[in-house]
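[1] generate a structure from the sequence data that follows.
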Amino acid sequence: MSENTPETCVRCKNSVKTGLKCIKCGKLSHSCCLKLIRSAKFLPDGTVICCDSTVDTEKKKSVLNEKLVDVSAETDKMKIHYLEELLKQKDLTIKKQEELADQKDLTIKCLETALTSLNEQIDLLKEARVKTVANNADNSSFANALKLVNNNSSTATKQSHPSSNNTQISPNNQLNRKITPSALSSAVHMANANTVCNEIINLNHNVNPGNNRSHNQSGNKKRRPNLLVGSNDDANTCPFKAAAPRIVKEFYATNFEPDVDVEELDKYIKSFAPSALVEKLDCRFPAAYSSFKITVASGESDKILVSEMWPSKVYLNRFFPSRRINSQVRE
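    The predicted structure follows:
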């Protein structure tokens, strides 16, 4: 042990008056603290080496710190690059949205101009229609009013001159007849009244006789030629009779073994449905299974539709005419 001026211990950092000195760094340390340092080496001559571990740890710490700084710098660069890419994508999306908005505005403007032009055309057509209707009504009503006035004046002249009733007025005389102001005013009044009445009728009842005619013509169906039906029920005068109505139902049975005989199947089905008629059908895979068409009277269809009467895994369904291909008929 050696005595020296007070120094700080390498481990506990307290003042050391007496202790062991490192032969490399020359620092004093408590003997108990040196025992706690794992890398401290006690030499046989009573000396101690304590500075190797501290130097290594400090180097390692410095290296780790440098690596951490490098990693943090790289992560910062990656973050900055990622943020720049996000900003670019954001700018692109904003540009696309602006272009779409511009296109929408253009389409809206085009539609508005088209609507305004259509409305103007509709207004012009309405005005032209009103004018034509009014002109036609005025002409027809004015002509009718003139006819009425002429008729009234002719009746009045006939009543005032009864001798002239037998005489006929020629068309030239009717054209040369003068129209009085009162007759003209009454004709105009009648024409205005008729136009008002025609407008009211057109507003309340929009009748189109042309459509009704076409509808009636299209609704008429072509009549079939009448068939002659016999009515003689007397067996003495006519020994023949009509055939009884036969109502049958057809079924499609499949998934039988390929070597099933039609006659055996016919006998089996006739045991519970005597009116049955069995026909073998051509299958897509005749070596794998066989199919049959079964025709039964409508009264015996319930007997066919019993699952206990059929073998296991045999399928029965309604027969469709499209399946009737190259059938072998057994009568």
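[2] list the contacts for Ala287?
    Neighbouring residues of Ala287 by CB atoms under 8 Å, 6 or more residues apart in numbering: Pro258. The C-beta positions use only the backbone N, C-alpha and C, and glycine is treated the same way.
[3] helix, strand or coil for it?
    coil (DSSP: H, G, I helix; E, B strand; the rest coil).
[4] also Leu86?
    Leu86 is classified as helix under three-state DSSP.
[5] around it, count how many other residues there are.
    Leu86 is flanked by 10 other residues according to other CB atoms under 10 Å.
[6] mind pulling up the pLDDT for it?
    According to the prediction, Leu86 has pLDDT 91.
[7] nearest spatial neighbour of Phe42, chain-adjacent residues omitted?
    Val48 (5.7 Å; CB to CB, 6 or more residues apart in numbering).
[8] surely the one you found is in contact with Lys21?
    Yes - counting by CB atoms under 8 Å, Lys21 is a contact partner of Val48 at 7.3 Å.
[9] which of those two has more neighbours?
    Between Val48 and Lys21, counted using other CB under 10 Å, Val48 has the larger neighbour count: 21 against 18.
[10] contact partners for that one?
    Val48 neighbours (CB under 8 Å, 6+ apart): 20-23, 29, 34, 40-42.
[11] nearest to Thr116 among the residues you listed?
    Checking those against Thr116 with CB to CB, the nearest one is Ala40 at 99.2 Å.
[12] count of neighbours near Phe240?
    Counted with other CB under 10 Å, Phe240 comes out at 7.
[13] likewise Val16?
    Val16, neighbours per other CB under 10 Å, totals 22.
[14] now swap in Ser298 and tell me
    Residues near Ser298, counting by other CB under 10 Å: 11.
[15] poorly predicted segments of the stretch 201-331 of the chain, please.
    201-225, 244-246, 322-331 (pLDDT under 70).
[16] quick one, helices of it?
    209-219, 262-270, 301-304 (DSSP state H, counting those that start in this stretch).
[17] what lies in contact with the shortest one?
    Just to be clear, that refers to helix 301-304. So helix 301-304 is contacted by 249, 251, 269, 272-273, 276, 294, 296, 309, 316 (CB under 8 Å, 6+ apart).
[18] for these, which single residue is the most surrounded?
    Result: Ile269 is most packed of the contacts of helix 301-304 (other CB under 10 Å), 24 neighbours.
[19] hmm, it is touching Thr295, no?
    No - contact criterion CB under 8 Å: Ile269 and Thr295 do not qualify, at 10.4 Å.
[20] between those two, what contacts are shared?
    With CB under 8 Å, 6+ apart as the test, Ile269 and Thr295 both reach Ala276.
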